[in-house]
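> I'll drop the sequence and a predicted model, then ask my questions.
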Amino acid sequence: MSEKLELNKRIEFLEPPEGTETLRPKPVSLFENNPIDLSVLKKLEGRSIVSVKDFERDEVIELAKLAAVLENFEIAPYHIMDGKIVTTAFFEASTRTRLSFESAVLRLDGKVLSIPEGGVTGVRKGESLEDIGEMFNAYCDMVIMRHTETDSAERVLKSLRVPLINAGNGSGEHPTQSLADWYALLKWKPELASPDPSKRNKRMRLGILGTPGSMRAVKSFLLMSLMFQDRISRVIVISQMADPFGDDLVHELEKAGIKYQVTNDMQKHVSKLDIIYMNSIAFLGDSYKNLDSEYQLNRNSDLKEDAVILHPLARLSELDCSLDDTAHNLYFSQAHGAVFMRQALLISVSGSLNRLPKEIPTVK
Amino acid sequence: MSEKLELNKRIEFLEPPEGTETLRPKPVSLFENNPIDLSVLKKLEGRSIVSVKDFERDEVIELAKLAAVLENFEIAPYHIMDGKIVTTAFFEASTRTRLSFESAVLRLDGKVLSIPEGGVTGVRKGESLEDIGEMFNAYCDMVIMRHTETDSAERVLKSLRVPLINAGNGSGEHPTQSLADWYALLKWKPELASPDPSKRNKRMRLGILGTPGSMRAVKSFLLMSLMFQDRISRVIVISQMADPFGDDLVHELEKAGIKYQVTNDMQKHVSKLDIIYMNSIAFLGDSYKNLDSEYQLNRNSDLKEDAVILHPLARLSELDCSLDDTAHNLYFSQAHGAVFMRQALLISVSGSLNRLPKEIPTVK
Amino acid sequence: MSEKLELNKRIEFLEPPEGTETLRPKPVSLFENNPIDLSVLKKLEGRSIVSVKDFERDEVIELAKLAAVLENFEIAPYHIMDGKIVTTAFFEASTRTRLSFESAVLRLDGKVLSIPEGGVTGVRKGESLEDIGEMFNAYCDMVIMRHTETDSAERVLKSLRVPLINAGNGSGEHPTQSLADWYALLKWKPELASPDPSKRNKRMRLGILGTPGSMRAVKSFLLMSLMFQDRISRVIVISQMADPFGDDLVHELEKAGIKYQVTNDMQKHVSKLDIIYMNSIAFLGDSYKNLDSEYQLNRNSDLKEDAVILHPLARLSELDCSLDDTAHNLYFSQAHGAVFMRQALLISVSGSLNRLPKEIPTVK
């Protein structure tokens, strides 16, 4: 790697306390001796991302490798998205997700049109999402939208001619959250991304504390995990709901041929899990509910020594702070990496890959 | 036109479906063989725009020609408003109008201080608009303000020493909406802007579905239409109100010497109109009301074959989507062009005309 | 001073009416023959500012001198904070203070992530400030926070690893307001900042109309005034409250060895004051209250001829507009200067002093 790219000082800043390296797995292992295949990322140019199913596995892996480069090196001086305007349309308010996207845009020197709280604005009273799509065509080069209604992405796409990135649609999906989730996992176990079969890890047992059918982040995570089904021995869903999936999810699970089971007994299963994904916030009807919050983890929980926990945040009592400084904590790495993974996606979708610095190692 | 200016790719993007060219009339016809007279636009430097009456007809025409250049060519690389800060003070929330202005500023590389929702902030509780004007003097180089009170612009101007652009004041005016309205009409019939009398079109019949006295966008549109009274044979106002004008509007109509009539019978008149301006949202007292919404147009309405419809949007049921892909639809061009017309105004008022690329054809 | 730095045109703009020069004291007197000592400002790099007690007197003076340079010369072309992202997290909404900070960031070419109204966002429901701090680490290079709770700064600092600037914490402090207050005083009486003892002014009598224990701006102003106790003969607090201080303030007053007295009789004392600081908005419990608003000043108040009034704004009836065009009005200078003082602080804390133009006179 050339000397011209400077190390990202934000990262040096974020060195984990000694002995807890998994808290902040190093991004460098993802791209070292493993150059980025830009031809894969170029397929994303101009595309809208509504569902995890809009991705192929190789796209997820190359995005993660690009994110790792962006996390490792300071690329602000390259002004990669100079002149591009991105609208963050949060018709359902979410400070955390909105700022994550806006930070990604600003670090690339793009510009942001922000709708922080769609519910309070006059224009929306009765205006159709199709007309709102026409408005976006005139105002910007890309739209990042969160909305309370599950069919909102589909509706705005009827008129939208710039790319849409779905940042959460009702009880639908949250595909960029899954990118952040798997980016954390790939940094933790880079062999998951390796093209060399001999370097592949043993299969892992994946546990989900939550209800994929009602929680869009959990649903998208599960769908993306199916892309890596050859790395997973079994999926165990721990939920209070008798049927925690919707019909479409069951279909996807069976198509992937992955072993899965449903249980409401956390105590029995938690000690066997390698990866634990948890969440307690569900979007039901037209508002947030707290679901499965009786499943709580803390420092004294009976976890495998090298198990890692993912959580899309914000968290409430289900994930105790006593875990924060343990090696089980992969959720801070997951939250921190989200900005870089979103940058990788923005660069690819906006057609800006050609502005990346030449020093980044890519497949010729 | 020099080779250095690149075509605006956003526009190629927005080509209309075949056979519906009026949906997106080409901007190029407005400035071809018709160079921009910068000396006219320079008169706008440092001026506040509160009412349509703050414009002369030649200023509207030159602004439209500059807007057409901005719509046709990519000028982001020229960073025309670099270093300028614009406050968008929407004390009355309006996502559509706010984003239109903010997009205009950002495309010129200006910076935005945004007040998306004045009603919720602590500072406004009882603070006078005069003191708010003092605040703006310290913070920015221009203010774009929307407010629920009709005298708000007048009050803030008591202390404001940077230019103000009125983006809607109570039941007063909305002058930049009229600029967008007339920009669409001038692109559609460039002969309206021609200095050559022999190229002038036959006079047109203008219909307004709505109540100018209560709807600021309609009022400003009517006032700007009076500037073009030699192109208009008659104005027909279709309204449920017996007296749809205020006193000042009647005075303006009579001063212009234009023929006008008022009716509540849409069926009788609509088939004779060349231009139809419609709206159904009125600002009455202290909130929005739906007015004249019984006047509805759809694909089966008895319109002249080459009639065009304008609507300031957002629309509700008064303007049916079945008209969207017909040649009557000039409202998408109107909405789309607003960003460029606002850019033209921002460049002129902020004193940035000297930063325009040299390749733009201007009068020597 | 080199010819390369251009005069700030915004300032020429703001010349006061003749005969009222104290309305806008010239910044130039603060740095003329008094070069900036950058070694003092470098001590602020990377530091969080929660309380006035986080400053030393020499830091306040050097910040004021840098602010005066920034007020006098146009430094936008130097892009001093290019590539830096600042979050303005106003969990308690305040348009005036938020815009003041955002204007400061944008004038330095930094980028802003804005939380204009924390109360309405979903993410905050129950999320801890510690987790919010982790989020900020990933998103930005500095955080400016206002919050309704007094211990909010302390809590977010548990996890925050980028600098925090406290923009108001409950009934706690508002240290950058005090910087603006004292910047106005130092422009008015530059000898207060002079290193030459022979140039020092006679001691002044400082009056406070308000309750420092309940009003954070007043409290911070009082604490910063204690740094200049050798310039002040006496502090007179005029308040309706029997005990207008908290315990910690009494301790600070006594440590400084300053003479102070408390009274509820404005008439008796106001005519002897050289500096009058007033405010009527107090944060009590969980909302704003109007306090001490019976103390009102207007053009007919019995003020010393050369007395000046400071007010952190927004004002209600306590400070009458009839004073605006008198020489007592230092509050407009105070409000106007706040943007420049905040720029000086942002440059120092973000470690950007090395990007200042070389022409600025500094101590070698």
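Yes, it's here.
> Can you see whether the helix or strand hosting A:Ala344 contacts chain B, counting any residue in it?
In the assignment (DSSP states H and E), A:Ala344 maps to helix A:331-349. No. Using Cβ under 8 Å from any Cβ of the partner chain, we find that helix A:331-349 stays clear of chain B, coming within 14.9 Å at best. For glycine as for every other residue, the C-beta is placed from the backbone atoms N, C-alpha and C.
> Tell me the helices and strands packed up against that helix.
If you count contacts as 3 or more Cβ pairs under 8 Å, 6 or more residues apart in numbering or on different chains; DSSP states H and E, helix A:331-349 packs onto helix A:38-42, helix A:57-72, helix A:95-107, helix A:175-188, strand A:308-310, helix C:129-139.
> Show me what the fifth one is packed up against.
The reference is to strand A:308-310. Using 3+ Cβ pairs under 8 Å, 6+ apart: strand A:308-310 touches helix A:175-188, strand A:275-278, helix A:331-349.
> Give the rounded mean pLDDT of the longest one.
In this model, helix A:331-349 has an average pLDDT of 96.
> where does the stretch 51-200 of chain A have low pLDDT?
Applying pLDDT under 70 to the stretch 51-200 of chain A flags the ranges A:118-125, A:200.
> got the phi/psi numbers for A:Arg146?
The phi and psi values for A:Arg146, taken as degrees, to the nearest 10, are phi -120, psi 140.
> How about the secondary structure of A:Gly168?
When classified by DSSP: H, G, I helix; E, B strand; the rest coil, A:Gly168 comes out as strand.
> no wait, A:Leu316
coil.
> The nearest residue to it once chain neighbours are set aside sits in which helix or strand?
Spatially, and ignoring its direct neighbours in sequence, A:Leu316 is nearest to C:Gly126 (5.2 Å; Cβ to Cβ, 6 or more residues apart in numbering or on different chains). Assigned by DSSP H and E, C:Gly126 falls within no helix or strand.
> again, but for A:Ala282
Mapping A:Ala282 onto the secondary structure by DSSP H and E places it in strand A:281-284.
> could you redo the helices and strands packed on helix A:331-349 as JSON lines and give each row mean neighbour count and distance to B:Ala76?
Output for the helices and strands packed on helix A:331-349, formatted as JSON lines (neighbours: other Cβ atoms under 10 Å in any protein chain shown; distance: least, Cβ to Cβ, whole Å):
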{"stretch": "helix A:38-42", "mean neighbour count": "17", "distance to B:Ala76": "23"}
{"stretch": "helix A:57-72", "mean neighbour count": "24", "distance to B:Ala76": "23"}
{"stretch": "helix A:95-107", "mean neighbour count": "25", "distance to B:Ala76": "15"}
{"stretch": "helix A:175-188", "mean neighbour count": "26", "distance to B:Ala76": "26"}
{"stretch": "strand A:308-310", "mean neighbour count": "25", "distance to B:Ala76": "39"}
{"stretch": "helix C:129-139", "mean neighbour count": "22", "distance to B:Ala76": "26"}
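> export the ones you listed to CSV and tack on distance to B:Ile49?
CSV is the format used below for those (distance: least, Cβ to Cβ, whole Å):
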stretch, distance to B:Ile49
helix A:38-42, 45
helix A:57-72, 43
helix A:95-107, 30
helix A:175-188, 41
strand A:308-310, 53
helix C:129-139, 37
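> What segments of the stretch 201-350 of chain A are helices?
Ranges of helices within the stretch 201-350 of chain A are A:216-227, A:247-256, A:266-269, A:331-349, based on DSSP state H, counting those that start in this stretch.
> can you redo those helices as CSV with mean neighbour count?
Shown next, in CSV, are these (neighbours: other Cβ atoms under 10 Å in any protein chain shown):
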stretch, mean neighbour count
helix A:216-227, 25
helix A:247-256, 14
helix A:266-269, 15
helix A:331-349, 26
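> Quick one: those helices as CSV, columns for distance to C:Ser350 too.
Putting the helices of the stretch 201-350 of chain A into CSV (distance: least, Cβ to Cβ, whole Å) gives the following:
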stretch, distance to C:Ser350
helix A:216-227, 34
helix A:247-256, 47
helix A:266-269, 46
helix A:331-349, 19
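> if we compare those, which one ends up closest to C:Ala153?
Checking those against C:Ala153 by Cβ to Cβ gives helix A:331-349 as the closest, at 21.5 Å.
> Would you pull up how far that closest one lies from the middle of the chain?
7 Å (Cα atoms, centre = their mean, to the nearest Å).
> now that helix and helix A:175-188, what's the angle there?
120 degrees (axes from the mean of the first three to the mean of the last three Cα atoms, to 10 degrees).
> just to revisit the earlier point, from memory the residue nearest to A:Leu316 sits against A:Glu318, does it?
No. Using Cβ atoms under 8 Å, C:Gly126 makes no contact with A:Glu318, being 11.3 Å away.
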